[in-house]
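Engineer: show me how the following folds:
(4 chains)
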Number of protein chains: 2
Amino acid sequence: MPDSLRQFKAELFQALAHSTRIAILDLLREGELTAGTFSDRLGLEQANLSQHLAVLRARQIVTARRAGNQVIYSVRDPLIWKMLDLMRRYFHKQVGESMTMLEQLEKAEERGS
Amino acid sequence: MPDSLRQFKAELFQALAHSTRIAILDLLREGELTAGTFSDRLGLEQANLSQHLAVLRARQIVTARRAGNQVIYSVRDPLIWKMLDLMRRYFHKQVGESMTMLEQLEKAEERGS
DNA sequence: TCAGTATATTCGAGAATTCGCATATTCTTA
DNA sequence: TAAGAATATGCGAATTCTCGAATATACTGA
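Structural biologist: The predicted model follows:
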């Protein structure tokens, strides 16, 4: 496995490693959106959103095109959403495991003291 | 979509956002490995590897158990590898697109000047 | 108990990330 | 061309990440 591939993966993971950027990608599931939409919907500073969009642009995760006064963003490859979906699955599995571990602890306590 | 879930995803992506940690997870595809294996195989400082392992442990991506003198690591949930595999697919798709874009540019040049 | 092996932690420095604020840039419309 | 709307960029401060060096901890075997 070449290290350049690992480097690529690491950079992509890094780009996804912020809840605001994940929120942006979630919003884009609806389709294309103008840049302003993000600050409106997420209630964050315009400049801040623009910075996060710049990160996603730099990694080519989103593409932007100008339409008159505004800039329209969209996700370059829907595969990105699969990543987020896989993470959701992972989350639920982890939560599930924690629950059963708790249950077992409770049972052990009943039997115990 | 609750923000706690986005936060969870972001933290997990953050944990994956380093080529050394990706290399660790790739090595663990073979099965359990002792901590020392990583510094041997990757040719990095023992302390450095231990720090990266600590990151993966903190996010419960790997589990560690002591076996006498050494510590044996394994991946907690194979789903993690699916994430890496998905990233590989993403990489190849991107590369493919870049190639076709280059080809189109070349054709355009032939027709052009 | 002591020396040695395997692994983890702490610390400090340098780099990178994130944010708010101010300012630039790009485009439209009067 | 000037004002205004939409978006991006530059800057400085606070925080976080990463690394190497040194040190600590856990275990084994003599």
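Engineer: residue A:86 reaches residue B:78, doesn't it?
Structural biologist: No. With contacts counted by CB atoms under 8 Å, residue A:86 stays clear of residue B:78, the gap being 11.8 Å. In short, each C-beta sits where N, CA and C put it, glycine included.
Engineer: what separation is there between the spatially most central residue of chain A and DNA strand C?
Structural biologist: Nearest to the centroid of the C-alpha atoms of chain A, with distances taken as CA atoms, centre = their mean, sits residue A:22, at 2.7 Å. Here residue A:22 is placed at a distance of 11 Å from DNA strand C (CB to the nearest atom of the strand, to the nearest Å).
Engineer: do the same with residue A:98
Structural biologist: As defined by CB to the nearest atom of the strand, residue A:98 lies at a distance of 21 Å from DNA strand C.
Engineer: contacting residues around that residue?
Structural biologist: Applying CB atoms under 8 Å, 6 or more residues apart in numbering or on different chains, one finds that residue A:98 lies in contact with no residue.
Engineer: hmm, back to that, any idea of the pLDDT on the residue nearest to the centre of chain A?
Structural biologist: According to the predicted model, the pLDDT of residue A:22 comes to 98.
Engineer: so residue A:64: helix, strand or coil?
Structural biologist: The local conformation at residue A:64, judged by DSSP: H, G, I helix; E, B strand; the rest coil, is strand.
Engineer: for it, which residues make a bridge with it?
Structural biologist: On DSSP bridges, the residues paired with residue A:64 through beta bridges are residue A:73.
Engineer: for it, give me its contacts.
Structural biologist: By CB under 8 Å, 6+ apart, residue A:64 lies in contact with A:35, A:53, A:57, A:71-73.
Engineer: can I get those in TSV including pLDDT?
Structural biologist: TSV is the format used below for the contacts of residue A:64 (pLDDT from 0 to 100):
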residue	pLDDT
A:35	97
A:53	98
A:57	97
A:71	98
A:72	98
A:73	98
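Engineer: could you work out the most separated pair of these?
Structural biologist: Spatially, the most separated pair among those is A:57 and A:72, at 12.6 Å (CB to CB).
Engineer: so how far is the top helix by length along chain A off the chain centroid?
Structural biologist: Longest among the helix segments of chain A by residue count, using DSSP state H, is helix A:79-111. Its chain's average C-alpha position is 19 Å from that of helix A:79-111, according to CA atoms, centre = their mean, to the nearest Å.
Engineer: now swap in stretch A:78-87 and tell me
Structural biologist: Mean-position distance between stretch A:78-87 and its chain equals 8 Å (CA atoms, centre = their mean).
Engineer: any residues of chain A in contact with DNA strand D? List them.
Structural biologist: Within chain A, the positions near DNA strand D by CB under 7 Å from any atom of the strand are A:34-36, A:46-47, A:50-51, A:53-54, A:64, A:69-71.
Engineer: buried only: go through those for me.
Structural biologist: When neighbours are counted using 16 or more other CB atoms under 10 Å in any protein chain shown, those contain these buried positions: A:53, A:64.
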